Every structure is written in structure tokens, then in C-alpha cells.
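A.B. asks: Task: produce atomic coordinates for the following.
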Amino acid sequence: MTHTLKAPGALITYDIREPSAPSTETPLMLIGSPMDASGFATLAGHFTDRQVITYDPRGTGRSTRTDPAPESTPEQHADDVRRVIEASGGGPVDLFASSGGAVNALALVAAHPGLVRTLVAHEPPTVRLLPEGADAVAAVQGIRALYERSGLGPAMVKFIQIVSMKGPVPPGFADEPGPDPAGFGLPAEDDGARDDVLLGQNLVTCCLYEPDVAALSAASTRIVLAVGAESTDEVAHRGGRAVAALLGREPVVFPSNHSGFLGGEYGQHGDPVPFAAELRRVLADARE
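C.D. replies: Numbering: from 1, shown residues only. Predicted coordinates:
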């Protein structure tokens, strides 16, 4: 069932899938950013034994923004998730959060740990925490500046480059010419729009977020950092390992890659069956 709620500067749309039979399992919320609820259809289908909650982050999918600010922060997204959890029964929930959603989930648990029993934070792209943090931060800021100068196509190909890069982000990455956007099915011409939800609204605030280590360490929430078996040395994989190290724990290696839970959404295929099985195992461990 689909619902909406008002948040400061946004109207948030969320979905609740009820279990196929009466259940005592903790509800499971699945979030990304800027990925919306449509990206979790396959993964949700593996958890029909419990209530599953998904939502569209502000500015994506069915959730609209009235906030005039050019960017949204992880703290804003976290507050939206808080509102969805409270409207869906009050929690606590188990929370699987991927990519930018993992960043937002870390902000949520730092502020409201009582709402989340177990957080599985899958590959948060926390570039400040990387060994080459200054170069990685400059690269992210440079991609955003390129977007402002030249539009979607040139900036998106540089984003694709950095997220798929193996190893450290080199100095001056954003200043190096990128591939032809047309080779990626992207427009080479600038249409003048600057409203892209990734490059405009979320890129900088998400990637430059620094987790509140003290608050997370003190939280009642069980926090699990997850990384992909096939994404080793990529920025988001290394970001997940960096957060795990700050919290003094080992990350859990999940099957596939950054998109491992996808089963055809956006034309991408991970390995969703073993991915879902590993998520189920990790959540079950919280009961032991």
C-alpha cells in the first residue's frame, strides 16, 4: 500500500508491503539515495515473511521537493526516513541501506538509534575517509563544478568513471578530460537544466558526509557495514571498509557488487538470490 507524508520542504511517498502470513519478524526497511523504491522490487520479493517498507527520497520518484535549497543533506534525508518509520508503526525496524542511502542511514542511527534494531550499511561512498581523502573530495567537488559549467553528460561520465575506478582517486581527476558522453548514451549538448537529483541535489553532501563516530559507537543499534565481493578497491567499497574501521569492526562481504541486489531494475543485474540470503543471515544473527 502506498502512502504520503509531509516533511519540511518535501512530500514523501512510501510503500508498505505486508507479509504473506501473520509474522513476528521485525519490519525491514530498504533505502537508497538517489535510488527510489522501484530499485528494491526484487530484494523486497525475497522477504515476504515480514513487513517491508520502501520510500522515494525527497526529489526522486514520487516524492517532491518544495525546499528551494539547491542541495539536500544526509540529515534531511535521515529525518524523512525517521518520519516514514514512525508513520509505519513506530519501529524499531531492520534497515538495509545502500550507497547514498547508507550514508543517510548512518545519520539516522546517530540521531535516532532507538528506531533501528539492525542497520546493514552497504557501501557508503564516504570519500573523506579514504586514504587519499583530499584528492577524492576535490574530485567530487570538481564533478559538481563540471555539472554547473557543462551540464549532465560531461559530469555524469566523470561520475561513472570515479565510481567504477579501482584504487585511489588520483590528484586532478576532475580536471582530466572525460570520455564522450554519447558513448554512454548521454547527451553531449548542455540543455541548461541543473536539477539532476544525483549531480545537483545529493552528490557533494552525500559523498563528503563524515559519520558521527561517537554517536554511532554509543548507539543501541547493531551496525553492520557491508561491501561487495566484486567491487573491491572501488570508492564505495573502500568507503564501507573505512567506516567499519572507524567503528572497530570488520565489514561483511556480500555477493556481487555495488548493485548486487538488483534483479533487472534499471537494466542492471546483480546476484539478488545469494545477496538476499546473506542479508537474511545477517539480520538473523541479531537475534542470537
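A.B. asks: So what's the residue count around Thr4?
C.D. replies: Neighbourhood size, Thr4 [other CB atoms under 10 Å]: 13. In this view, the C-beta of every residue, glycine as well, is placed from N, C-alpha and C.
A.B. asks: show me what contacts Pro8?
C.D. replies: By CB atoms under 8 Å, 6 or more residues apart in numbering, Pro8 lies in contact with 67, 79.
A.B. asks: do you know how far it is from Leu129?
C.D. replies: 29 Å (CB to CB, to the nearest Å).
A.B. asks: cool, Asn257 as well?
C.D. replies: 20 Å.
A.B. asks: residue boundaries of the helices in the stretch 51-200 of the chain?
C.D. replies: 74-87, 100-111, 133-150, 152-164 (DSSP state H, counting those that start in this stretch).
A.B. asks: Need those in TSV (columns: distance to His3, mean neighbour count and mean pLDDT).
C.D. replies: Formatted as TSV, the helices of the stretch 51-200 of the chain follow (distance: least, CB to CB, whole Å; neighbours: other CB atoms under 10 Å; pLDDT from 0 to 100):
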stretch	distance to His3	mean neighbour count	mean pLDDT
helix 74-87	7	22	98
helix 100-111	19	27	98
helix 133-150	33	18	97
helix 152-164	32	20	97
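A.B. asks: Tell me how many other residues crowd the residue nearest to Val157 when sequence neighbours are not counted.
C.D. replies: Spatial nearest neighbour of Val157, excluding adjacent residues (CB to CB, 6 or more residues apart in numbering): Gly178 at 4.5 Å. Neighbourhood size, Gly178 [other CB under 10 Å]: 21.
A.B. asks: can you pull the contacts of Gly178?
C.D. replies: The contact partners of Gly178, by CB under 8 Å, 6+ apart, come to 154, 157-158, 161.
A.B. asks: can you check Pro113 too?
C.D. replies: By CB under 8 Å, 6+ apart, the neighbours of Pro113 are 215, 218-221.
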